[in-house]
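Peer 1: Next one to model:
(one chain, ligands or ions: 2)
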Amino acid sequence: MAVERSIKIVLIGSENAGRTNLGDRLKYNTFKESPEPTIGASFLSKPITLVSEKKVVKAEIWDTAGKERFMSLIPMYLRSANAVGIVLAPDPKIKDPMEARNYLKAEARKYYDAAKKHITNDVPIYFITPIQQ
Ligand SMILES: Nc1nc2c(ncn2[C@@H]2O[C@H](COP(=O)(O)OP(=O)(O)OP(=O)(O)O)[C@@H](O)[C@H]2O)c(=O)[nH]1
Ligand SMILES: [Mg+2]
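Peer 2: Numbering: from 1, shown residues only. Ligands and ions are numbered 1, 2, ... in the order given. Modelled structure (predicted):
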C-alpha cells in the first residue's frame, strides 16, 4: 500500500516516563534499561497502517524531553500536531498509593493544560502509561 499522507504525533510528559523507549520499541523493536535522558526532542518516522481507513500513513513522531527546563520548548513542537500523547509513569519514590494516584492526576492535568493551550479542539490527546515491570 502506498503512503498517502503524514501525521504528526507529539509525545510529551514527565521525565523518565518512557517516551523514548516507546519510540524505540515502535521503530526498532528494542528496549534500553537505562537510556539517556532526551535533550530538547528527538524525531522518528515510521509507516503505520490505519486499520479503520485501510491506509498506510507516515507517522512523524516527536519525542520531547521531560526535564522541566525543556518545558518551554513544548509549544514549538505542538504546532501543527495531529495527535498528542501524554506519557506518564508513577514516581517510584512515592510508595503511598493515594499519594501516587494524586501525583499522576496532577501530572496528567499539568500536561493536558499545557497541550490544550497550543492545539485546536479537533486534535486528540491520548494518555499513555507504559507498564514497567
Ligand atoms: N521495564 C521497563 N522499563 C521501562 C519500559 N519503558 C520505559 N522503561 C524505563 O523507564 C525509564 C525511562 O525511559 P525513557 O524512555 O528514557 O523515558 P523518557 O520519557 O524518554 O524520559 P526523558 O527523555 O528523560 O524525558 C527507563 O529507566 C526505562 O528503563 C518498559 O516497557 N519496561
Ligand atoms: Mg526521552
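
Peer 1: do stretch 125-133 and ligand 2 meet at all?
Peer 2: No: counting by C-beta under 5 Å from the ion, ligand 2 has no neighbours in stretch 125-133; the shortest distance is 11.8 Å. Every residue, glycine included, has its C-beta placed from N, CA and C.

Peer 1: In that stretch, which residues are buried?
Peer 2: Neighbour counts using 16 or more other C-beta atoms under 10 Å place residue 125 of stretch 125-133 among the buried residues.

Peer 1: tell me how far that stretch is from the chain's mean position?
Peer 2: 9 Å (C-alpha atoms, centre = their mean, to the nearest Å).

Peer 1: mean confidence score for it?
Peer 2: Per-region confidence: stretch 125-133 scores 83 on mean pLDDT.

Peer 1: Give me the contacts around that stretch.
Peer 2: Residues outside stretch 125-133 that contact it (C-beta atoms under 8 Å, 6 or more residues apart in numbering) are 11, 13, 17-18, 21-22, 83-90, 104, 108, 112, 115-116, 119.

Peer 1: Quick one: buried ones out of those?
Peer 2: By neighbour count, with 16+ other C-beta under 10 Å, the contacts of stretch 125-133 hold 11, 13, 17-18, 21-22, 83-90, 104, 108, 115, 119 as buried.

Peer 1: Of the residues you listed, which belong to strands?
Peer 2: Counting by DSSP state E, the buried ones among the contacts of stretch 125-133 place 11, 13, 83, 84, 85, 86, 87 in strands.

Peer 1: if I pick the closest residue to the last one other than its chain neighbours, what's in contact with it?
Peer 2: Translated: residue 87. Computed as C-beta to C-beta, 6 or more residues apart in numbering, the closest residue to residue 87 that is not its neighbour in sequence is residue 13, at 3.9 Å. Residues near residue 13 by C-beta under 8 Å, 6+ apart: 19, 66, 85, 86, 87, 88, 107, 111, 128.

Peer 1: of all these, which comes closest to ligand 2?
Peer 2: Ligand 2 lies nearest to residue 19 out of those, by C-beta to the ion, at 4.9 Å.

Peer 1: Spit out the contact partners of the closest one.
Peer 2: So residue 19 contacts 11, 12, 13, 38, 63, 64, 66, 85, 87 (C-beta under 8 Å, 6+ apart).
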